[in-house]
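1. sequence plus the predicted model coming up.
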Amino acid sequence: MDLKQLQQRGDYEWLLPATGRMRVPGVIFASRDLVAAMDEKVREQIANVASLPGIVSAAYAMPDAHWGYGFPIGGVAAFDADDGGVVSAGGVGFDISCGVRTLHTGLKLADIERDKRRLADALFARIPAGVGSTGSIHLGAAEMNAMLKGGARWAVHEGYGSDADLAHIEEHGCVAGADPATVSDQAKKRQRDEMGTLGSGNHYLEVQVVSELFDAAAAAAYGLTPGDVVVSIHCGSRGLGHQIGTDYLREMVVAAPAAGISLPDRELACAPLKSALGQRYLGAMRAGINCALANRQILTHLARGAFAAVFPGVKLPLLYDVSHNTCKEETHRVDGKTRRLFVHRKGATRAFGPGHAELPPEYAAVGQPVLIGGSMGTSSWILAGSAGTEERAFGSACHGAGRAMSRHEAMRRWQGRALVDELASRGILIRSPSLRGVAEEAPLAYKDVGAVVDSSDRAGLAGKVARLTPLVCIKG
Amino acid sequence: MRWETFAHEADVGVRGSGATLAEAFAGAAMAMTAAICDPQKVGAGETVNIECAAPDDELLLLDWLNALVYEMATRRMLFSRFDVRIADHRLQATAWGEAVDVARHEPAAEVKGATFCELAVRQSPDGTWMAQCIVDV
């Protein structure tokens, strides 16, 4: 990105002044190097988001921002319903509530080294992964609606986990206001056999080891010590979320002119919050969030089964679960006033700072756990929401590394088999139904996640707590 | 009918071209299969009929590709041959394919949906048609 278009406001903060159709400025939180490496399309997309009706304060971009559809991936924008604000299906994306959850295992690296291969095979046998895979749960119409309303709470009620899990999930595992009637029959049909499936692309389940700590107080609150083995799951709302995105994106594009909304890019498709369409989308999107929470809860249950088969008696308590493709109604202070805002985070993680009312009591003093997935074979990170982050980007931080090159280019450069062998020689076991999928997700096809979390830390969004190194990766 | 996939930073572009609008649409569908796996590995033993209608050609392309995404997801199939007929923004098509066989097809990624990003349907001065968009994988 051409830095001349931006005004530097600090080492990690850049302002894109409001010009033309922009109602508010854009703000990018990232190091000079990361901003310089961003595509010009990211600037265009930030400016487009800043032009939407009812946007509040600024259109924000996180350190891992890259070219998305309509909104940049790594984009954050809040809208006020009383100010003509909108909700955007493009601002949430297709994989509604895609996110990461991390589980403790109570095991140390030395405990699992000998049985790592057996563990990898047990996980791969139990976790449905890849294109066309189905789960063992098949939902009828009534159960589908109960799942869409209940989220992870529904899953726990069905026997997949315990109440203790719910305390460590955003919104306690169930977002209010989900309306299954606003979800199309097609979306429900796509989900019927997909509960408890990982999906494909960049989705994974990883066994990781805590290899480095950066913040002793936060690490203690999160229960992390060096050498601990943890499990991280990255996936979303599966076919249901994808179909909700498809359905409402189209409907919003077609309805926009009548609503008086002129879209600079059709992928920004949105509807006024105070409209029947906007409200219907909110009901469906929240059902999508609950579906993702239920899905990750069931996958957690399956992972617990695999661990118990290899390490009898081991428990996997939930550290935390975050979503990074959402629109959530939240209370924020803006220019000294308390306002209810609809905060879109597309490829961005909620990162509430210490003392926030929505945090579990045991994390309140250190801030919300922010779980950052790395690329296959590289580090993942646990950060903590920084003090004052609510004033910077509505309490948001980065979500991952972001691709550095297209799938095309990755496939041209790497062979799946060679990658699996190379990672195995470094002690990282990959299990995947598709070697081409492995090549497309090659570690070097992604940006350096370390630089992204450094920027997040120094920009005051979320501070570094722990670095996690992969041991086993089940790849969709 | 010709088809190709093209690069996008996070995802994949699909493009079809041909002497008619229908051929370009068939090509875009073939490119979408190529975004998932090698189309030459996909048999053509089963057929699925698809119909859609939209106010313009671009929305029609989106609806066509999304209808295929839906059929692939719910039938757990992949497609390798398409016969498309278009008149007055109404599309009728037959898609030939087979059930996903993970070991044989090695599908790399499922398509979540066709997007408005880079969405374009155009006729060149020489009369040939091109249809493209980015698909989210």
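-> Everything's here; your move. Bear in mind that the values here come from a model prediction, so they are computed numbers and not experimental data.

2. flag every residue of the stretch 151-300 of chain A that's near chain B.
-> Residues of the stretch 151-300 of chain A found near chain B (Cβ under 8 Å from any Cβ of the partner chain) are A:186, A:189-190, A:199-201, A:239, A:242-243, A:245-246, A:249-250, A:253-254, A:265-267, A:269. The C-beta positions use only the backbone N, C-alpha and C, and glycine is treated the same way.

3. buried members of these into PyMOL, please.
-> Only the buried entries of those go into this PyMOL selection, using 16 or more other Cβ atoms under 10 Å in any protein chain shown:
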select buried, chain A and resi 186+189+190+199+200+201+239+242+243+245+246+249+250+253+265+266+267+269
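
4. inside helices: which ones of the residues of the stretch 151-300 of chain A next to chain B?
-> The members of these that map onto helices under DSSP state H are A:186, A:189-190, A:239, A:242-243, A:245-246, A:249-250, A:253-254.

5. does the residue nearest to the spatial centre of chain B count as helix, strand or coil?
-> Chain B has B:A29 as the residue nearest its centroid, 1.6 Å off, counting by Cα atoms, centre = their mean. Under DSSP: H, G, I helix; E, B strand; the rest coil, B:A29 falls in the helix class.

6. gap between A:G427 and A:P470?
-> Distance of A:G427 to A:P470, computed by Cβ to Cβ, to the nearest Å: 9 Å.

7. looking at these two, which has the bigger crowd around it?
-> Counting neighbours by other Cβ atoms under 10 Å in any protein chain shown for A:G427 and for A:P470 shows that A:P470 has the greater number, 26 against 13.

8. quick check: bridge partners of the more buried one?
-> With DSSP bridges as the criterion, A:P470 is bridged to A:Q208.

9. quick one: residues contacting it.
-> Going by Cβ atoms under 8 Å, 6 or more residues apart in numbering or on different chains, A:P470 touches A:206-208, A:374, A:376-380, A:428.

10. which of those residues fall within helices?
-> Using DSSP H, none of the contacts of A:P470 sit in helices.

11. next SSE downstream of the lengthiest helix in chain A?
-> When chain A is parsed with DSSP H, its longest helix is helix A:276-310. Sequence-wise, the next helix or strand downstream of helix A:276-310 (DSSP states H and E) is strand A:318-323.

12. need the strands for chain B, in chain order.
-> Along chain B, counting by DSSP state E, strands occupy B:2-7, B:12-18, B:46-53, B:77-87, B:90-99, B:113-114, B:120-123, B:129-136.

13. go on, the stretch 301-450 of chain A?
-> Applying DSSP state E, counting those that start in this stretch to the stretch 301-450 of chain A gives strands spanning A:318-323, A:325-334, A:337-346, A:349-350, A:369-372, A:380-385, A:396-397, A:429-431.

14. for the ones you listed, which one ends up most surrounded?
-> strand A:396-397 (a mean of 34; mean count of other Cβ atoms under 10 Å in any protein chain shown).

15. partners of that strand in the sheet?
-> strand A:349-350 (antiparallel).

16. need the residues that contact the partner strand.
-> Under Cβ under 8 Å, 6+ apart, the answer for strand A:349-350 is A:99, A:170, A:322-324, A:326, A:328, A:368, A:370-372, A:385, A:395-399, A:462.

17. what is the mean pLDDT for the top helix by length along chain B?
-> When chain B is parsed with DSSP H, its longest helix is helix B:57-75. Per-residue pLDDT over helix B:57-75 has a mean of 97.

18. stretch A:381-399 too?
-> 95.

19. put the alpha carbons of that stretch into CSV.
-> Presented in CSV, the C-alpha positions along stretch A:381-399 are these (Å, rounded to 0.1, in the frame of the first residue of the first chain):
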residue,chain,number,x,y,z
TRP,A,381,-0.5,-17.3,19.8
ILE,A,382,-2.6,-16.5,22.8
LEU,A,383,-2.9,-12.8,23.5
ALA,A,384,-4.9,-10.9,26.1
GLY,A,385,-7.1,-7.9,25.3
SER,A,386,-5.2,-4.7,26.2
ALA,A,387,-6.4,-2.1,28.6
GLY,A,388,-8.1,0.7,26.7
THR,A,389,-8.7,-1.4,23.6
GLU,A,390,-12.4,-0.6,23.6
GLU,A,391,-11.5,3.0,22.8
ARG,A,392,-9.1,2.0,20.0
ALA,A,393,-11.0,-0.4,17.7
PHE,A,394,-14.2,-1.2,19.7
GLY,A,395,-12.3,-3.9,21.6
SER,A,396,-10.8,-5.8,18.6
ALA,A,397,-7.6,-7.4,17.5
CYS,A,398,-6.1,-9.5,14.7
HIS,A,399,-7.3,-13.1,13.9
